[in-house]
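Asks: next comes the sequence, and after it the predicted model I'd like to discuss.
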Amino acid sequence: MRKIIVTSLALLIFSFSQAQSKSTNSSSYQTALGVKVWDGGGISLKHFINGNNALEVIAYFWRQGVRITGLYEIHGPISGATGLQWYIGPGAHLGFYNTRNGDGSFIGLDGVLGLDYKFKGAPINMSIDWQPSFEFGDNRGFVGSWGGLGVRYTF
């Protein structure tokens with residue numbers, strides 16, 4: 001399972017880097033790859049597809065499972081704060097868990113609300129967000145504890 005996830009992420013990174021264009025957007029980067037810290041940890045890849053619209057894929061790993069989340073993010077500038085943007089958007093996830101609430105594979109719908117900052121003169125991007133979700137299945141439902149602090153290398 002981990003080989004499939006790592007291979008998929010590598011292919012996504014390669015595809016995004018090959019498709020990277022010189023299109024302008026309000027951010028000062030096109031693609032960013034790094035980590036997201038939550039109760040566990042994750043790998044985050046964000047890519048602006050046009051203007052202020054970005055796709056983010058996050059693979060969370062922790063002792064009770066793996067969760068792959070895809071988000072569509074709409075970014076907007078914050079007046080007077082160069083490099084700082086707000087973002088909001090919908091998404092979905094697929095989780096593979098081994099918990100006291102049940103083992104198995106689960107799907108869900110996600111949202112995201114956050115702040116994104118690109119350091120001027122350095123290839124570093126940071127974000128902090130909240131990702132509420134609703135998961136379908138036995139002993140599942142609304143979960144408001146996802147999100148985290150992201151630190152990424154931009155290119």
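Replies: The structure has been received and is ready for your questions.
Asks: how close does Pro123 sit to Asn53?
Replies: Using C-beta to C-beta, to the nearest Å, one gets 22 Å for the distance from Pro123 to Asn53. For glycine as for every other residue, the C-beta is placed from the backbone atoms N, C-alpha and C.
Asks: ok, Ala59 to Gly70 distance?
Replies: 10 Å.
Asks: quick one: the helices in the protein, in order.
Replies: Using DSSP state H, the helices assigned to the chain run over residues 2-19.
Asks: so for stretch 94-105, what gets flagged as buried?
Replies: Under the neighbour-count criterion of 16 or more other C-beta atoms under 10 Å, stretch 94-105 has Gly95, Tyr97 buried.
Asks: repeat that for stretch 42-60.
Replies: Under 16+ other C-beta under 10 Å, the buried positions of stretch 42-60 are 42-49, 52, 54-60.
Asks: show me those residues that map onto strands.
Replies: 42-49, 54-60 (DSSP state E).
Asks: which ones are touching Phe136?
Replies: Phe106, Ile107, Gly108 (C-beta atoms under 8 Å, 6 or more residues apart in numbering).
Asks: filter those to the buried ones?
Replies: Here, 16+ other C-beta under 10 Å leaves Phe106, Gly108 buried among these.
Asks: would you map the strands across this structure?
Replies: Under DSSP E, the chain gives strands at 31-37, 41-50, 53-62, 65-77, 84-99, 102-118, 124-130, 133-136, 142-143, 147-154.
Asks: mean pLDDT for those - can I get that in CSV?
Replies: Conversion of those to CSV gives the following (pLDDT from 0 to 100):
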stretch, mean pLDDT
strand 31-37, 95
strand 41-50, 94
strand 53-62, 94
strand 65-77, 95
strand 84-99, 92
strand 102-118, 92
strand 124-130, 96
strand 133-136, 92
strand 142-143, 89
strand 147-154, 94
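Asks: about what we covered before: tell me which of the buried residues of stretch 42-60 is nearest to Arg140?
Replies: Proximity of these to Arg140 (C-beta to C-beta) peaks at Tyr60, which lies at 16.1 Å.
Asks: what's across from the closest one in the sheet?
Replies: On the basis of DSSP bridges, Tyr60 is bridged to Gly42, Arg67.
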